[in-house]
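Peer 1: got a predicted structure here, sequence first:
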Amino acid sequence: MTKNMRDARTFVAVQFDLAAHEAGMTEPTADMKRRMAALGASIRRREAQRRYAENALWPVTVLPGDIRPEIQAMPRAEVIAHLNQLRAQHPRMQYAHRDCETMTDDDLRSALEDALTVLADQK
Amino acid sequence: MKDTNTAQQLCRTAFDEQFTDKMLAELGTAVEKAITKLEAKTQWRDQRGIDDRIDTAVMKLLDGTRKWEPSRCPLIAFLYQTVRSDVSAEIEHLANFPEAPLDDEHAQLTPVEAATIKTLETSRETSHAAAASYFSIVLADLRELAGNDKEVLKLLALHDEGIFDRSEIMARAKWSGRRYGTVYQRMIRLAQQLDDELRDSALDALAN
């Protein structure tokens, strides 16, 4: 890295700092908003296609639909309590439904079965 | 249902949250101002446009060419740094003149054509040298303005070392976030003075 290159780099950094400072006090123009909205839409579309292709390459494992007898025997309130307990223990685990109260008994039991199966697989 | 505790997923979640049209409009405004400043003060001309530069910065993030750590830096700052880095590389090239020799091509030219190309090359080398001198003069003026402000001088010295990231500067200089903020503001005020008063004198010095 020559002195010229170092000077150029520092010079550009100072100019970018100045520009950011000034931009912070400026409302984006209508034209800039329109152009960036179009760019954002284009990037989101491409990213969605990329993620779709990625999911096609690495399909989500479909779990068997069988529900173990002990879960089948649980009353609804106990299934909900169990799911809430798992949610507290594993806060990063995502459920398809957040509001257990609106789910059917079958869906609740299926969600608990899936959660326990995934956790058992991870161990 | 899946556990989402992976760096890639956390990065995607943060990207989806922060990648808004409002953020892009603010980023576009800042990049436009930076490019306008640089075009006004150097011989560099933006050949790509703001949209393409921002698009490229986002693609570099999404394809993993540049690594973003959401916990350390907001998305807008990361993308701004990426654009700055790309522009900087182009301007460094401008300052670092050597062009590929054209000797083989010159062998096929008539004397008039060769003389014309030689004149153009000399002119280009002169303008590259002028650009390099200009950067040095402006930075020397900025340091002179900073005077005894050791912290602003430290900030510029860290930039010279290639350190531009806020958290890295804070770590190296042992500054708190608040301290960094005050030093940064002082540097901005000095650079604004430089903008108004000393740019012409730097250009005059180059002309003489």
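Peer 2: Cool, got the structure. Remember, it's a predicted structure, so these values are computed and weren't measured experimentally.
Peer 1: now do the helices in chain B.
Peer 2: With DSSP state H as the criterion, chain B has helices at B:7-18, B:21-41, B:50-62, B:75-95, B:103-106, B:111-146, B:150-160, B:166-173, B:177-193, B:199-207.
Peer 1: also chain A?
Peer 2: Counting by DSSP H, chain A has these helices, from start to end: A:3-23, A:30-57, A:69-72, A:76-89, A:105-122.
Peer 1: do I have it right that B:Phe156 meets B:Leu139?
Peer 2: Rather than Phe, residue B:156 is Leu. Yes: counting by CB atoms under 8 Å, B:Leu156 does reach B:Leu139; the two are 7.2 Å apart. All C-beta spots, glycine's among them, are computed from the backbone N, C-alpha and C.
Peer 1: point out the most buried one among the helices of chain A.
Peer 2: Among the helices of chain A, ranked by average contacts under mean count of other CB atoms under 10 Å in any protein chain shown, first place goes to helix A:3-23 (a mean of 22).
Peer 1: list the helices and strands it packs on?
Peer 2: Other elements packing on helix A:3-23 under the criterion 3 or more CB pairs under 8 Å, 6 or more residues apart in numbering or on different chains; DSSP states H and E are helix B:21-41, helix B:75-95, helix B:111-146, helix B:150-160, helix B:177-193.
Peer 1: show me what counts as buried in the last one.
Peer 2: If I follow you right, that is helix B:177-193. If you call a residue buried by 16 or more other CB atoms under 10 Å in any protein chain shown, then helix B:177-193 has these buried ones: B:Tyr180, B:Val183, B:Tyr184, B:Met187, B:Ile188, B:Leu190, B:Ala191.
Peer 1: please apply the same query to the second one.
Peer 2: Buried residues in helix B:75-95, counted by 16+ other CB under 10 Å: B:75-85, B:87-88, B:90-92, B:94-95.
Peer 1: that one vs chain A: in contact?
Peer 2: Yes: figure legend: helix B:75-95 in contact with chain A (CB under 8 Å from any CB of the partner chain); contacting residues B:Tyr80, B:Arg84, B:Val87, B:Ser88, B:Ile91, B:Glu92, B:Leu94, B:Ala95.
Peer 1: of the residues you listed, which one scores lowest on pLDDT?
Peer 2: Summarising pLDDT for the residues of helix B:75-95 next to chain A: the lowest-scoring member is B:Ala95, with 71.
Peer 1: mind checking how far the nearest residue to it once chain neighbours are set aside is from B:Val83?
Peer 2: For B:Ala95, the nearest residue in space outside its immediate sequence neighbours is A:Ala8; the separation is 3.9 Å by CB to CB, 6 or more residues apart in numbering or on different chains. Taken as CB to CB, to the nearest Å, the spacing of A:Ala8 relative to B:Val83 amounts to 16 Å.
Peer 1: what residue is smack in the middle of chain A?
Peer 2: Averaging the C-alpha coordinates of chain A gives a centre point, and the residue nearest to it by CA atoms, centre = their mean is A:Gln94 (9.3 Å).
Peer 1: list the contacts of A:Pro28.
Peer 2: A:Pro28 makes contact with A:Met36, B:Ala25, B:Glu26, B:Gly28, B:Thr29 under the criterion CB atoms under 8 Å, 6 or more residues apart in numbering or on different chains.
Peer 1: can you put these in JSON lines and add pLDDT and distance to B:Trp68?
Peer 2: Shown next, in JSON lines, are these (pLDDT from 0 to 100; distance: CB to CB, whole Å):
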{"residue": "A:Met36", "pLDDT": "96", "distance to B:Trp68": "19"}
{"residue": "B:Ala25", "pLDDT": "96", "distance to B:Trp68": "20"}
{"residue": "B:Glu26", "pLDDT": "95", "distance to B:Trp68": "17"}
{"residue": "B:Gly28", "pLDDT": "96", "distance to B:Trp68": "19"}
{"residue": "B:Thr29", "pLDDT": "96", "distance to B:Trp68": "21"}
